[in-house]
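*Asks:* dropping a prediction and its sequence here:
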Amino acid sequence: MTDLSNNVSARVAALFACHFFGFGLFLPFFPLVLEFRGVSAAEIGFILGAGTIARIAASPLLSNLADRTDQRRLSILIYSIIGACFISLFYLPGGLLLVGAAMIGYMVIKAPILPLSDAYALDTARNTGADYARMRLWGSVGFVLANLAGGALAAESTAWLIVTLTVAASLATGFVVLSLPRQRKDTGSRDADHEHGTGPFAQLWFWPILALLGLFQATHAAFYGFGTLYWRSIDVPDFTIGLLWAVGVVAEIALFTIAGKLSLKFDPPVFLFAAGVAAIVRWGLFPFAESFFFMGTLQVLHGLTFGAAHLGAVAILAKVVPQRWSGTGQGLLTASIGIQTAIGLAVSGALFQYDPHMPFYLMAAAALAGCAALVFAAPVIRRHLRSESV
């Protein structure tokens, strides 16, 4: 790569880092900020539930708006500024209505930023030869740093600093995107055909494949919702739980570091199958892990269950969705993951009350179903990948 390409790659990496730093503060710590504001657990659940539903709907719609106007960078800037404004409402005195509007508004307006950033990064990789995974890994680094910062500030007297850092991260995301160059378009005849309605969005095969891509990520639903609660129920110390979460993210970063070389040997369906097999093992054995070594070993599989599933899915969409509509494609993937994860959380909640082990067995079964479906879907996926590369 040229120095210019390296410079662009570094700025895309910074874009991911800034966005995920804000996300790493918002996701784990803003329910605590709400509690400090006197919001009850039931009210927090309602706010997060409503925000999640709205976010799932908003992601493909707002991503598509950016694609239709051909203003991907400007859209990320606008969404980032509006997101900062929503979170800034926490500085104002007010009750449930104010903080509910701030939370839901932020979740909606920030929903398209990751799919649009993924689309930009994938186009950068296509146009310059940059390694997408090495750019994306800085998002994971930003998330971990935010977890550490939020953990240090998770007290009522310092909660305002969590709000301030989240606002700063949103504004920094917009600042970084301003520095990115406009990408050149692929004006080939194939894209022209796609834009006139013959693209994957109008074809029946695309939608079950999209659902399958989302399923592999949705197998994390039980862990995201109840992993910490399960560990606490078997008396794992909070500090150890934090270490176990960190092990998973480090494994994810490690995979992203070497993914570029792996992609030269394996095609995207292989990444998905590796993710599915790892999920069967991880979630099937999760209830049996009683030592830190056993738990940590299973957490290392997060590099595959999340990382390989993510890389396989975005690689497939990058090749079958025209460049102009790549933001929409990534937004639809986000919605697919969100819908199936929400269903998984709801079912896992009922199962967890009955038997804390059951949600993880359900995730293993879902991963097994995904692998079985992939056996039949892989030839279809490969056929369309080959046709798009012609």
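*Replies:* Sure thing, it's come through. Residues are numbered from 1 along each chain as shown.

*Asks:* helices of the stretch 201-350 of the chain, start to end?
*Replies:* Listed in chain order, the helices of the stretch 201-350 of the chain (DSSP state H, counting those that start in this stretch) span 206-218, 221-233, 238-263, 268-285, 292-300, 302, 309-320, 326-354.

*Asks:* and Thr173, which of the ones you listed is closest to it?
*Replies:* Thr173 sits nearest to helix 326-354 of all those, at 15.4 Å, using C-beta to C-beta. From N, CA and C alone the C-beta is placed, and that goes for glycine too.

*Asks:* residues of that closest one that come out buried?
*Replies:* Buried residues in helix 326-354, defined by neighbour count with 16 or more other C-beta atoms under 10 Å: 326-342, 344-345, 347-348, 351-352.

*Asks:* which other helices and strands contact that helix?
*Replies:* With contacts taken as 3 or more C-beta pairs under 8 Å, 6 or more residues apart in numbering; DSSP states H and E, helix 326-354 sits against helix 41-68, helix 113-128, helix 206-218, helix 221-233, helix 309-320, helix 358-389.

*Asks:* what does the second one rub up against?
*Replies:* Yep, that's helix 113-128 we're talking about. Contacts with helix 113-128, where a contact means C-beta atoms under 8 Å, 6 or more residues apart in numbering, come from 1-2, 5, 8-9, 12, 15-16, 19, 59, 63, 66, 72-73, 75-76, 79-80, 83, 130-132, 135-136, 173, 180, 183-184, 314, 318, 323, 326-327, 329-331, 333-334.

*Asks:* check the offset of stretch 290-303 from the chain's centre.
*Replies:* Relative to its chain's centre, stretch 290-303 lies at 22 Å (C-alpha atoms, centre = their mean, to the nearest Å).

*Asks:* will you turn the helices and strands packed on helix 326-354 into TSV that also has distance to Tyr91, mean neighbour count and mean pLDDT?
*Replies:* As requested, the helices and strands packed on helix 326-354 are exported to TSV (distance: least, C-beta to C-beta, whole Å; neighbours: other C-beta atoms under 10 Å; pLDDT from 0 to 100):
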stretch	distance to Tyr91	mean neighbour count	mean pLDDT
helix 41-68	18	18	87
helix 113-128	22	23	90
helix 206-218	34	21	94
helix 221-233	29	18	85
helix 309-320	35	24	91
helix 358-389	38	17	89
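
*Asks:* Trp283 is nearest to which of those helices?
*Replies:* It's helix 358-389; of the helices and strands packed on helix 326-354, that one is closest to Trp283 (C-beta to C-beta) at 4.0 Å.

*Asks:* that closest one packs against which elements?
*Replies:* Using 3+ C-beta pairs under 8 Å, 6+ apart: helix 358-389 touches helix 206-218, helix 221-233, helix 268-285, helix 309-320, helix 326-354.

*Asks:* show me what the second one is packed against.
*Replies:* Counting contacts by 3+ C-beta pairs under 8 Å, 6+ apart, helix 221-233 is packed against helix 238-263, helix 326-354, helix 358-389.

*Asks:* quick one: low-confidence ranges for this structure?
*Replies:* Applying pLDDT under 70 to the chain picks out residues 1-5, 183-199, 387-390.

*Asks:* okay, now the domains of it?
*Replies:* Using automatic domain parsing, the domains assigned to the chain come out as 1-184, 188-390.

*Asks:* off-centre distance for the shortest one?
*Replies:* Taking C-alpha atoms, centre = their mean, one finds the center of domain 1-184 at 11 Å from the center of the full chain.
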